[in-house]
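Chemist: Compute the structure for the input listed below.
(2 chains)
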Amino acid sequence: MEKEMLELRIHGRGGQGIVVAAAIFAEAVFMEGYYARAFSLFGAERRGAPVTAFIRAGKSRLMPRSKVYEPDYVSIFDSTMTGSSLISGLKRGGTLLLNSPEDIQSSLINALDPEMGIKLYSVNATEIAWKHNLAIGSFPMVNTVMLGAMAKNSGLASLESLTSSIRKRVTVKLDENIAAVKEGYESVKEVGSLVN
Amino acid sequence: MAYEMLSGSQAAAAAVQRAGVDLVAAYPITPQTAIVETLANYEAKGELGGDFVSVESEYAALACCYGAAAAGARVFTATASHGLAYMHEVIHWCSGARVPVVMVNVNRAIGAPWCLDPDQGDSLSQRDTGWMQIYCSGAQEVFDTVLQAYVLSESLLLPCLVVFDGFYISHTYEAVDIPEKEKTLEFVGEKRFKPQVVPGNPVNLHGLTTGDNQILLVRNRHESMIKALDLFKQVNKKFEGYFARSYKAVDSVIPPGSKTVFVAAGSTVETIRWALPGLKDCGLIQLRMFRPYPAEELCAVLEAHDVERVIVVDRNCSIGMGGIFSQELKAALYNMENPPIVEDLLLAGGIDLTIDMLHRVLETTAEGKNADQKWGVDVR
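Modeler: Sure, this is the predicted structure:
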């Protein structure tokens, strides 16, 4: 880690495992020898409602306890979420990870200022989740796929640390989730820095 | 050190499990639910070490704890917001009856309207009930304070409320050092109190009395609680011997030359501490203990550093007066020769304290009517 502290923000919907994903990621980062914290904000808990989670990773135990307003990294778990507030505050040279096929259709990328040098990544988490039979009804559980992708392109956690945290925290479809995190890790692609 | 990645709520439950409790009676309410859930999981796995009683309300939860503590049990309950308000009558009763109850309150705004954000008005509205109140700034402190609360509470025969913010602590996962149960049990020790009721020996307790008797009981409770200021130091000395960390009722980080000091309780402490190197000539005081109120310690810190300006972060508001922590601080400063000016940053409703807000509040000087009260919404 070059900086003293990195701040990440995850956007998704209730039921997608955002809260547990943030805890798993923080635990994996901690296993790598850094300090990490994760927390989430939600209203009355309900499936489908927007949920935001915040992760901080750093060299010191001391970190702010506020929400993350200027993230180094934004990860969007739900491909139907496209409001420009999702990327608000994203730092110059920061990273944006989308759950999307490689040919990104999201209107979010139009909201990005090309001058900002945002590094854009995609992973087809919905397809991978379906492939590994990770869904509750018609609702694909993309969290472990996204975690694999986040670990790879942030460089904050290894696949081993992530897997070991998942073993502690995921109680259903463990093998499927471990396969999904690996596929997320291996299939995340840099779509390129944004230029018009 | 055996670190576990736990939320503040899970850390509270882990401490309860390692404190040797005989009985937990609790009712879930956001954002405290994970405490009850985690304790219920311990019970389901046979690891709680005591009974878990599911109750129909918060009133019943605390009444159940009161009865069990009167019978000599080490007890625990947790609540938040409306749950704490609903307990109000029994909160008084526990203190008057001198039973050692440890309760966690996770700060949340009180309606109407419904709001889940961490306004401190719930715990502060129980200020005058005769419970000790300790405000924690993170999950490790939550774990450690719950253990310490049993020693304080049983030594003084006064109940203790351990308080922390919803979401910013209750839902934040972080690394917490969880010592072996053997060691925590040894630290908390054997129960220091005798049962007030025993089977086979019926007694009528706390019957009708007069003000002439009541005043003596109130004075006795007050004098007992004041002892917590010294006891807190002793308990932390012992704690340090066991676990190599300790806490003060009033903690401070005041670099030389600081003119302004922020005073905060709860999760905002670490945000300010993180921001300090970027805030010109600023220091920080963490008010950990709120009841008893460590007035002397506070004034001594301010005096020693020649502080000119104090900005109190109040995530609450006593409507018609202002921030409660700032009112209490002003009262404590009355006997100081050269007291600093006191300004209030009001985050009532439970709004987030941002680093930008700290910079802005520093830039705005206190001039004009009511200028010593700044509302968070105006400086973010």
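Chemist: Point out the residues in chain A that sit beside chain B.
Modeler: A:19, A:22-23, A:26-27, A:30, A:35-41, A:43-45, A:62-67, A:69, A:165 (C-beta under 8 Å from any C-beta of the partner chain). Just so you know, the C-beta spots here come from the backbone N, C-alpha and C atoms, and that holds for glycine as well.
Chemist: Mind checking which of the residues you listed are buried?
Modeler: Buried subset of these (neighbour count, 16 or more other C-beta atoms under 10 Å in any protein chain shown): A:19, A:22-23, A:26-27, A:30, A:35-41, A:63-67, A:165.
Chemist: In strands only, show me those.
Modeler: A:35, A:36, A:37, A:38, A:39, A:40, A:41 (DSSP state E).
Chemist: Okay, and the residue most central in space within chain A sits in which element?
Modeler: The residue lying closest to the centre of chain A (C-alpha atoms, centre = their mean) is residue A:75, at 3.9 Å. Assigning secondary structure by DSSP states H and E places residue A:75 in strand A:73-76.
Chemist: which helices and strands does that strand pack with?
Modeler: strand A:5-13, strand A:95-99, helix A:143-154 (3 or more C-beta pairs under 8 Å, 6 or more residues apart in numbering or on different chains; DSSP states H and E).
Chemist: can you pull the buried residues of that strand?
Modeler: Judged by neighbour count using 16+ other C-beta under 10 Å, the buried positions of strand A:73-76 are A:73, A:74, A:75, A:76.
Chemist: Turn those into TSV, including pLDDT and distance to residue A:116.
Modeler: Formatted as TSV, the buried residues of strand A:73-76 follow (pLDDT from 0 to 100; distance: C-beta to C-beta, whole Å):
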residue	pLDDT	distance to residue A:116
A:73	98	13
A:74	97	12
A:75	97	17
A:76	96	16
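Chemist: wait, what's in contact with residue A:106?
Modeler: Contact analysis of residue A:106 by C-beta atoms under 8 Å, 6 or more residues apart in numbering or on different chains lists A:79, A:82, A:98, A:100.
Chemist: Please name the nearest non-neighbouring residue to the first one.
Modeler: Same thing as residue A:79. Using C-beta to C-beta, 6 or more residues apart in numbering or on different chains and skipping the chain neighbours, the partner closest in space to residue A:79 is residue A:99 (4.9 Å).
Chemist: what's across from that neighbour in the sheet?
Modeler: Note on residue A:99: beta-bridge partners by DSSP bridges are residue A:123.
Chemist: so how far is chain B from it?
Modeler: Residue A:99 is 23 Å from chain B, where distance means C-beta to the nearest C-beta, to the nearest Å.
Chemist: Check residue A:18 too.
Modeler: Distance from residue A:18 to chain B, by C-beta to the nearest C-beta: 12 Å.
Chemist: how many neighbours does that residue have?
Modeler: Residue A:18 has 25 neighbours, counted by other C-beta atoms under 10 Å in any protein chain shown.
Chemist: Least confident secondary structure element in chain A?
Modeler: strand A:189-193 (a mean of 82; mean pLDDT, DSSP states H and E).
Chemist: Quick one: residues in contact with it.
Modeler: Contacts for strand A:189-193 (C-beta under 8 Å, 6+ apart): A:102, A:104, A:117, A:118, A:119, A:120, A:121, A:122, A:123, A:153.
Chemist: List the buried residues of it.
Modeler: So, applying 16+ other C-beta under 10 Å, buried residues of strand A:189-193: residue A:191.
Chemist: Tell me what angle that strand forms with strand A:95-99.
Modeler: Using axes from the mean of the first three to the mean of the last three C-alpha atoms, to 10 degrees, the direction of strand A:189-193 lies 130 degrees away from that of strand A:95-99.
Chemist: if we can go back for a sec, residues in contact with the residue nearest to residue A:79?
Modeler: A:76, A:77, A:78, A:79, A:122, A:123, A:124, A:125, A:126, A:142, A:145, A:146.
Chemist: now with 6 Å?
Modeler: Residue A:99 makes contact with A:77, A:79, A:125, A:142, according to C-beta atoms under 6 Å, 6 or more residues apart in numbering or on different chains.
Chemist: then stretch B:337-353 to PDB, C-alphas only?
Modeler: Extracted in PDB, the C-alpha atoms of stretch B:337-353 (Å, rounded to 0.1, in the frame of the first residue of the first chain):
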ATOM      1  CA  GLU B 337     -10.100  31.100  37.100                       C
ATOM      2  CA  ASN B 338      -9.600  31.700  33.300                       C
ATOM      3  CA  PRO B 339     -12.100  29.400  31.700                       C
ATOM      4  CA  PRO B 340     -11.900  29.000  27.900                       C
ATOM      5  CA  ILE B 341     -14.800  30.100  25.700                       C
ATOM      6  CA  VAL B 342     -17.100  27.200  24.900                       C
ATOM      7  CA  GLU B 343     -18.800  26.700  21.500                       C
ATOM      8  CA  ASP B 344     -21.100  23.900  20.600                       C
ATOM      9  CA  LEU B 345     -21.200  21.900  17.300                       C
ATOM     10  CA  LEU B 346     -24.700  20.400  17.200                       C
ATOM     11  CA  LEU B 347     -25.000  17.100  15.200                       C
ATOM     12  CA  ALA B 348     -28.400  16.400  16.600                       C
ATOM     13  CA  GLY B 349     -30.400  13.900  14.700                       C
ATOM     14  CA  GLY B 350     -27.300  11.800  14.400                       C
ATOM     15  CA  ILE B 351     -25.600  13.400  11.400                       C
ATOM     16  CA  ASP B 352     -22.100  12.400  10.400                       C
ATOM     17  CA  LEU B 353     -19.100  14.400  11.600                       C
END
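Chemist: residues making contact with it?
Modeler: Under the criterion C-beta under 6 Å, 6+ apart, residues A:66-67, B:109, B:117-119, B:268, B:271, B:307-317, B:322-323, B:326, B:330, B:333, B:361, B:366, B:372-376 lie in contact with stretch B:337-353.
Chemist: Sort out for me which of the residues you listed are in strands.
Modeler: B:309, B:310, B:311, B:312, B:313, B:314, B:373, B:374, B:375.
Chemist: Considering the residues you listed, which possesses the most neighbours?
Modeler: Among these, the one with the most neighbours (other C-beta under 10 Å) is residue B:314, at 30 neighbours.
Chemist: quick one: that one and residue B:342, what's the gap?
Modeler: 11 Å (C-beta to C-beta, to the nearest Å).
Chemist: May I have the residues that are in contact with the residue nearest to the centre of chain A?
Modeler: Counted by C-beta under 6 Å, 6+ apart, residue A:75 has contacts A:10, A:97, A:150.
Chemist: Please apply the same query to residue B:16.
Modeler: Shown in contact with residue B:16 (C-beta under 6 Å, 6+ apart): residue B:76.
Chemist: May I ask which helix or strand encompasses it?
Modeler: Assigned by DSSP H and E, residue B:16 falls in helix B:8-17.
Chemist: And the helices in the chain?
Modeler: All of this is about chain A. Counting by DSSP state H, chain A has helices at residues A:18-31, A:125-131, A:143-154, A:159-169, A:174-187.
Chemist: Chain B is the one I meant
Modeler: Using DSSP H, the helices assigned to chain B run over residues B:8-17, B:33-44, B:58-70, B:81-96, B:121-124, B:139-156, B:181-188, B:211-226, B:228-243, B:268-275, B:295-304, B:324-333, B:355-363.
Chemist: Excluding chain neighbours, what is closest to residue 169?
Modeler: Since no chain was named, I'll use chain A. Per C-beta to C-beta, 6+ apart, closest to residue A:169 is residue A:24, 5.5 Å.
Chemist: could you do chain B instead?
Modeler: Nearest one to residue B:169, counting by C-beta to C-beta, 6+ apart, is residue B:8 at 3.8 Å.
Chemist: No further queries at this time; thank you.
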